[in-house]
Structures are given as structure tokens and as C-alpha cells.
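K.L.:
could you look at this predicted model? Sequence included:
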Amino acid sequence: MAKRRETKKQRPTKPGLQPGHRAKSEGKTLRSYGVGALPMINHILRRMRLPEILRKGLPADDPRVELPTYRGLSVLVRNVLISREPIYGVGQWATRYAPGLLGLRQQDITRLNDDRIGRCLDRLFDGLDNGLIMAVVRQVIDEFKISLNELHNDSTTVSFYGAYEDAEQEGRVRGRSTLAITFGHSKDHRPDLKQLLYILTVTDDGGVPVYFTSANGNTTDDTTHRQTWDLLHELVGRSDFLYVADCKLASSENMNYIARQQGRFITVLPRTRKEDQQFRQRLLKKPDAVDWTELFVQTKERVCNGKVIKAVVDRVSVCSQDTLSKEGYRLLWYHSSKKAENDAHSRTRRLQRATRELTELRDRLQGPKTRFAERKKVEPAVEEILKACDVESLLSVDIHEQEKARYRQAGRGRPNKKTKYVKEVKKQFDLTWSVDTIRVAEEEACDGIFPLVSNVKEMTAEEILRAYKRQPIIEKRFSHLKTDFSVAPVYLQSVSRIQALLGVYFFVLIVQTLLERELRQAMQRESVESLPLYPEDRACRRPTTRKVLDLFEGVQRHELSISGQKAEVMVTELSDLQKRILKLLGIPSKGYGQ
């Protein structure tokens, strides 16, 4: 059985009785269990009805199965949220916790192993379709009152070590299609690794994931939007929700398809479009002809000499003149002073990197053992540097060729008056380069410029911009996917189990997001500005699920059994901060972990 990579180091063993251990003395038995944040996670799972939906939505288990699939998957969801153990370590991890907190019976603990977890993933693969995903999401929407007016879509890549030769092409397992793990455009900047595409859609209401799917590793984003929009249309039940995505949405086929269905969209126009080039040329030739209207000023407060000073972080303007894309949709041009600074810094760094790498290449060219003996080897090396640094239009590089003569004896022996010498001529190359100041000036004139295209007419330019600026919320979910939950790179050999595991991570993301959303909304209702979750009790204005899980990590439950008497249960006394968080979440602190 393959396994997920374990990226979290094992914690050093602490003195005393550890969770999952038992101590005996003179007819007394003390058993300790971990509690942690499991009661909070179980609170969210119950409201989601995830175990129940899995039980009903997955194919029926064989009557001989000792551990039901929905229970094994529920344990895996809790494991990924709390510990991210490799699959072969889930059974041992589960022994640290009371079975009831994991939704298990006492006898189920010994049945948890990598083989059974793998079989649970097999069953999930057999039943993981749009119907099951929609059932979970609809329950979440109804129970947690999630708004579906604005949805954000994006994709990332999940990388894999190993050849995966049997998975390079699409196949079928038990009558269901499997994806192709293959090379493609890596968003992890790992072109040496094979991959799958992970496509996610979240709401602007707390960034709650409402749909996911996976695709072949070489699938391009622009081919996925129409199918995704159709499924979201079915989920929402209407077509007027706002669909926000990156520049891959901005193809004529995608935008026209959504518009024909009375859908609404916002996306960014790619640099490759003719409209982009025309506006930038207009800005270069007649900058005064472009009229800008300031939309808003973003400020940040800082304390200086005991006084609160507001510093300007960004000034955002929009071109006052309405323009249209070639399809006839609204094309809005924005200018951001912060983006202009970032563009200038990025260009400077790219030029510095290219200069450094060209210098290193020149030193190699002039070395005594250089392998660059021909111009046809030098030119590709230079082009590769310019392309990698994205300065092909900014740097002009000249390759100089010269002949270097060297003399050696024609034969052996000590040299004398009659010794003959042979002249050897070897080609040697040198590089010189210069910055194209005209092209740099042209780029500087366009720093901070970016276009958004939309078919929404009733929204103002500022409303469209602010809607698009909420797009990074989905990047947060991808960050959680790859850091907190360590989804990539994964070590799994069975493609069907890989696809099922990606489904498990989708459920994990929902639980993680709902816990975070519930706490933040409660803080807003109760006018709680911050919680002391940072080290040294520093204020945290926007608490995350990870901070909450870490806060409750040390909570344990101890059961003291004496012969002939009822077991006495003791739970770690909760701190005031822990009780406060439980109250905000609507979870009773009395009986927590019992």
C-alpha cells in the first residue's frame, strides 16, 4: 500500500503517561487519551452530516467488511486535519484517542491499518461523483447559510515523485475512468515531476469550497471552465451568480458560453490579446489622452513617536473612457501605484539575475576547459538565460568570436634548436550586453496597468475590481492544501486511490474553512476585535483553524478504573481562552472531551 508523505517531524517524547498508554498499580488502571480539537471537528462534521452522506452515497459494503467505509474515511478526514500522518501510520495514530471521538467502536481501533484505509479509498473512488459532492455541498450550504452570489475558480497542480508509467494514459478501474499522471505546465515550478490538475471553486462568503474536480496533468485551464460553470449552475439553481477566474477564462469560447446562459463573469485580459497591446501603445504615444479617475486610496496606520500616522499603501485609478473587448464585453483598465512599485522591483530583480547569470556564462566561455567550442552551443545558452529571466526584450547580448593561438611540440623529447612546433588555433567566445533603455522606459510607462473584462453592466468599476481582488482567497485554500495538509508531493501508486484521496482533501478543506468561518463570524457578532492566539498572548484579529487546533492540542482525557467501581473520567482543565473560543463556536465547555 502506498502512503502519503510525512512532512511533520515526530514530536519528542514527553515524560509521563502519553495519550493511548495505560498504567496499572494495585488494582488501579489509568488510561490516557488525546482529546485536542476533536470535539470541535466532530461538531462541524455532525452539522455537515458527512459520515451519514458517505454511508448513503457510497456503494454498499460487503457484509464481511468489519470496518465500514464511511467510518474509515471519517477517521482519515480527522487525521489529515490534526496530524497528517502517513496512511500506514493512521492506525497507530488512532490509538492515542478515545474511539468515540473518532466515531469508532473500541473493536474498530485494532482494525485500522493501511490495507483497510486503502480499501476505503477504493470504495470512495467507486462512488466519488458529482452527485456525492453535490450532496455534501448542499448540506453545508443549507446548514451554514453559505451565500452563492459570488464564486471564485482556480486550479493548482499536485506533483508526484516516481515514473508512474502505468498511469501516463487515461484508463479504467472497475468501470470508472482514471486520470493520466503526466507532465504538464507545473504551477509548483517542478517541470521534472509528473502531475495532476486540481480544480477548486470557493465562495466569497468565507472562502468555503463548494466544488472540486481533478483532471489529467497536461490539461490546460481554459478547457475546464465551461464544464465547471455548468456544474455550479446546477448547484446554485440559477445562472446570475458572479463567476470570477483568472485569465484562462478570457477566451471567446468561454466568455460567450457563459454570456449565452445569462451568466455573469469577471476575469483579467491576457497580455497576448490585441486589445492589451493597443491600449499600451496608446498610453506610450499619447499618455495625456488617457484620462484616469481615482477610485480609492488604501492606507495603513502606524505608530510614530506616540502618534498614529496613516501611510498611503496604494492608490487605485480607472480609465474614464469606456472600452470594449473584441467580443463586445466591458473592458476596464486600472492603475495601481502599489502594483507599479512591484512591477519596477520585479524588472530590476530580473535584470540583476540575468546579468549575474550572463557573467557566470562568460566566465565559463573563457575557462581553459570550456565546452562551448562552437557558436551554435553559445547562442542557446544565452537565449535560455534571457527567457528564464523574462528579459528578452530588455537586454541586448552580443557574442564575440576570436581565435586563440597555442603552440606545442610536434614530437616528443627535450626541446632544442631543431624542435618543430605546431600552431593550434582554438575558437573562444566572449559576451557583452547592454540594457535597452528605450524598452525599459516603455515598460515603466505601463507599470501598474492591468485590464479586467466583464459582461456585468450594473456593477461599477470599483465593485468589479473589489470582486476580482477577492480572488486570492482561493490561493489561501491552495496554500492550506499544500502546507497544512501536505497534499503534494504524494507517494501513491494506485491512480484510483490518488483520485479518492484528493476527494478526502476536499472534505478536509470544507471542515477547516467552516471552523474558521464560524469563529470569525461569531467574533463579529459579539464585537470581539481579536483573540490572544499569537505567542506572548499577542492579538490575532483573523484567527485560523490551524491556530485553534494548536491551542487545544494539549487537552487530554484520563480514565481511572478501580476494581468493582465505576471509572472516574478527568479531562485537562480548559483555559479561559479555550472556553471563550468554545463559547463563540456554540460548543459547551462543560463535558468537553468526556
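P.N.:
Structure received. Numbering: from 1, shown residues only.
K.L.:
next, the distance between the ends of stretch 241-255.
P.N.:
End-to-end distance for stretch 241-255, by Cα to Cα, to the nearest Å: 14 Å.
K.L.:
my error: substitute stretch 412-432 in the last question.
P.N.:
Termini of stretch 412-432 sit 41 Å apart (Cα to Cα).
K.L.:
please apply the same query to stretch 88-105.
P.N.:
20 Å.
K.L.:
quick check: buried residues in it?
P.N.:
88-91, 93-94, 96-99, 101-104 (16 or more other Cβ atoms under 10 Å). Placement of C-beta: from N, CA and C, glycine included.
K.L.:
just send the residues you listed back as TSV, with pLDDT, secondary structure and distance to Ser147 too.
P.N.:
Shown next, in TSV, are the buried residues of stretch 88-105 (pLDDT from 0 to 100; DSSP: H, G, I helix; E, B strand; the rest coil; distance: Cβ to Cβ, whole Å):
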residue	pLDDT	secondary structure	distance to Ser147
Tyr88	76	helix	41
Gly89	81	helix	39
Val90	85	helix	35
Gly91	86	helix	40
Trp93	88	helix	36
Ala94	89	helix	37
Arg96	89	coil	38
Tyr97	90	strand	35
Ala98	88	coil	37
Pro99	88	helix	38
Leu101	92	helix	32
Leu102	92	helix	33
Gly103	91	coil	30
Leu104	90	coil	35
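K.L.:
ok, of those, which one's closest to Arg238?
P.N.:
Nearest to Arg238 out of these is Gly103 (Cβ to Cβ; 36.0 Å).
K.L.:
excluding chain neighbours, what is closest to the closest one?
P.N.:
Leaving aside its chain neighbours, Gly103 sits nearest to Ser74 (5.0 Å; criterion: Cβ to Cβ, 6 or more residues apart in numbering).
K.L.:
name the element that neighbour belongs to?
P.N.:
In the assignment (DSSP states H and E), Ser74 maps to helix 69-82.
K.L.:
got a list of contacts for that helix?
P.N.:
Under the contact criterion Cβ atoms under 8 Å, 6 or more residues apart in numbering, helix 69-82 has outside partners 36-38, 41, 45, 50-52, 54-55, 58, 61, 85, 87, 90, 93-94, 102-104, 108, 112, 116-117, 119-121, 123-124, 485, 504-505, 507-508, 511-512, 545, 549.
K.L.:
surely Gly328 is in a strand?
P.N.:
No: under DSSP: H, G, I helix; E, B strand; the rest coil, Gly328 sits outside any strand and is assigned coil.
K.L.:
what sits against it?
P.N.:
By Cβ under 8 Å, 6+ apart, Gly328 has no neighbours at all.
K.L.:
strands of the stretch 151-300 of the chain, residue ranges please.
P.N.:
Per DSSP state E, counting those that start in this stretch, the stretch 151-300 of the chain has strands spanning 171-173, 176-178, 194-203, 209-215, 242-244, 264-268, 292-304. These are given in chain order.
K.L.:
poorly predicted segments of this structure, please.
P.N.:
Residues of the chain that meet the criterion pLDDT under 70 lie in 1-18, 20-26, 85, 303, 306, 484-492.
K.L.:
nearest residue to the middle of the protein?
P.N.:
Closest to where the C-alpha atoms of the chain average out (Cα atoms, centre = their mean) is Phe478, at 1.9 Å.
K.L.:
report the contact partners of the closest residue in space to that one that isn't next to it in sequence.
P.N.:
Excluding its sequence neighbours, the residue lying closest to Phe478 (Cβ to Cβ, 6+ apart) is Thr156, at 4.7 Å. Contacts for Thr156 (Cβ under 8 Å, 6+ apart) come out as 187-188, 197-198, 200, 478, 481-482.
K.L.:
make JSON lines from these and add distance to Ile581 to it.
P.N.:
Below are these laid out as JSON lines (distance: Cβ to Cβ, whole Å):
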{"residue": "Lys187", "distance to Ile581": "35"}
{"residue": "Asp188", "distance to Ile581": "34"}
{"residue": "Leu197", "distance to Ile581": "37"}
{"residue": "Tyr198", "distance to Ile581": "31"}
{"residue": "Leu200", "distance to Ile581": "28"}
{"residue": "Phe478", "distance to Ile581": "26"}
{"residue": "Leu481", "distance to Ile581": "24"}
{"residue": "Lys482", "distance to Ile581": "26"}
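K.L.:
taking those residues, tell me the two that lie furthest apart.
P.N.:
Maximum pairwise distance among the contacts of Thr156 (Cβ to Cβ): 15.2 Å, between Asp188 and Leu200.
K.L.:
give me the contact list for stretch 341-353.
P.N.:
So stretch 341-353 is in contact with 389-391, 394-395, 435, 440, 443-444, 447-448, going by Cβ under 8 Å, 6+ apart.
K.L.:
need these in a markdown table (columns: distance to Leu283 and secondary structure).
P.N.:
Formatted as a markdown table, these follow (distance: Cβ to Cβ, whole Å; DSSP: H, G, I helix; E, B strand; the rest coil):
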| residue | distance to Leu283 | secondary structure |
| --- | --- | --- |
| Cys389 | 25 | helix |
| Asp390 | 21 | coil |
| Val391 | 21 | coil |
| Leu394 | 18 | coil |
| Leu395 | 23 | strand |
| Val435 | 21 | strand |
| Val440 | 15 | helix |
| Glu443 | 11 | helix |
| Glu444 | 11 | helix |
| Asp447 | 11 | coil |
| Gly448 | 11 | coil |
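K.L.:
show the buried residues in those residues.
P.N.:
Buried residues within the contacts of stretch 341-353, counting neighbours by 16+ other Cβ under 10 Å: 389, 391, 394-395, 440, 443, 447-448.
K.L.:
count of neighbours near the closest residue to Tyr421 other than its chain neighbours?
P.N.:
Excluding its sequence neighbours, the residue lying closest to Tyr421 (Cβ to Cβ, 6+ apart) is Tyr407, at 4.7 Å. When neighbours are counted by other Cβ atoms under 10 Å, Tyr407 registers 9.
K.L.:
quick one, phi psi at Tyr407?
P.N.:
The phi/psi pair for Tyr407 (degrees, to the nearest 10) reads phi -110, psi 140.
K.L.:
surely it meets Lys426?
P.N.:
No: contact criterion Cβ atoms under 8 Å: Tyr407 and Lys426 do not qualify, at 11.8 Å.
K.L.:
so what sits against both of the two?
P.N.:
Among the neighbours of Tyr407, none is also in contact with Lys426 (Cβ under 8 Å, 6+ apart).
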